[in-house]
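Enquirer: Structure for the following, please:
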Amino acid sequence: MRIDIMTLFPDTVGDMLSESILGRGQERGYIRIECHQIRDYTTNKQNQVDDYPYGGGRGCVMMAQPLFDCWKHICDEAGHRVHTIYMSPCGKVFRQSDAVRLKNDYDRLILVCGHYEGVDERFLDACVDEEISLGDFVLTGGEIPALAVADAVCRLVPGVLPDEECFQNESHWDGLLEYPQYTRPEVWNDRRVPEILLSGHHENIKRWRRKQSILRTKRRRPDMFGKLELSDKKDAKILKEIESEQDQD
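Expert: Below you'll find the predicted structure:
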């Protein structure tokens, strides 16, 4: 998997993605992340990437030409048009399912980081395949969303994490939030680790964790819980337990 990030701050973005798990994944050749300075593709001495918007209004808009030339360089290097994503508050909200889709459907991606009041719409029409947002809020640039998308996609690439189980039991993988986690010491500030986790009984621990995932999702994310289809008999029994316990409360 290779991801090319078009940005005005390549050093900052590149440093972040070269650390920890993703850094090791790059060293081992499982993933490759390259950052491209959009200013390198400007045509004037000032390295100007933005200008005032037609029609008036505050702020400036990123110009289409340097964006296009940077994008074209990446595609020419790849030998084909690369699936391109613009990080935008107007885009579809990013989900775990999108990370899985992007990892499965593409072996190379371009992430475009906008700034100022946005980018010239003509670049979006000509080069962008989809727009992605982190949520219903606005940031000063697309770098933080690009970091999030690159991280979420790359960690799913085989070899980046030790085993698929590392992400298959996490929040959002199967529509549930992850169960609570504990580590040493057994008692901290008079708070004990749940006894069942110390029992060594793997089946009981597995069931407890499943119950906690369902309960946590029901409490914290009723929107997610409402979409769940828990047809498994074991899950149905757990749901009855939860409902019974809540009735007693």
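Enquirer: Just checking the distance from the longest strand seen in the chain to the centre of its chain.
Expert: Counting residues, the longest strand found in the chain (DSSP state E) is strand 83-93. A distance of 12 Å separates the C-alpha centroid of strand 83-93 from that of its chain, computed with C-alpha atoms, centre = their mean, to the nearest Å.
Enquirer: after it, next one along is what?
Expert: Next helix or strand after strand 83-93 toward the C-terminus (DSSP states H and E): helix 96-105.
Enquirer: quick revisit: direction included, what does the longest strand of the chain pair against?
Expert: strand 108-113 (parallel), strand 130-133 (parallel) (DSSP bridges).
Enquirer: Enumerate the beta-bridge partners assigned to residue 93.
Expert: Bridge pairing for residue 93 - DSSP bridges - gives residue 133.
Enquirer: How about the contacts made by it?
Expert: Going by C-beta atoms under 8 Å, 6 or more residues apart in numbering, residue 93 touches 132, 133, 134, 135, 136. (C-beta placed from N, C-alpha, C; glycine too.)
Enquirer: mind putting those residues in CSV, distance to residue 143 included?
Expert: As requested, those are exported to CSV (distance: C-beta to C-beta, whole Å):
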residue, distance to residue 143
132, 14
133, 14
134, 11
135, 16
136, 19
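Enquirer: And the strands in this structure?
Expert: 2-7, 32-37, 50-51, 61-62, 83-93, 108-113, 130-133, 187-188, 191-192.
Enquirer: thinking again about what came up before, can I get the buried part of the contacts of residue 93 as one PyMOL selection?
Expert: Buried residues within those, by 16 or more other C-beta atoms under 10 Å, are selected in PyMOL with:
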select buried, resi 132+133+134
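Enquirer: Looking at the contacts of residue 93, spot the one nearest residue 228.
Expert: Relative to residue 228, the closest of the contacts of residue 93 is residue 135; by C-beta to C-beta it sits at 21.6 Å.
Enquirer: ok, for that closest one, nearest residue in space, not its chain neighbours?
Expert: Once flanking residues are discounted, residue 135 sits nearest to residue 93: 6.0 Å by C-beta to C-beta, 6 or more residues apart in numbering.
Enquirer: where's that neighbour relative to residue 75, distance?
Expert: Per C-beta to C-beta, to the nearest Å, residue 93 is found 27 Å from residue 75.
Enquirer: Next: residue 213.
Expert: On the measure of C-beta to C-beta, residue 213 and residue 75 end up 42 Å apart.
Enquirer: okay, the two: which has more neighbours?
Expert: residue 213 (20 against 17; other C-beta atoms under 10 Å).
Enquirer: so the more buried one makes contact with residue 177?
Expert: Yes - look at residue 213 against residue 177 with C-beta atoms under 8 Å: they come within range, at 6.1 Å.
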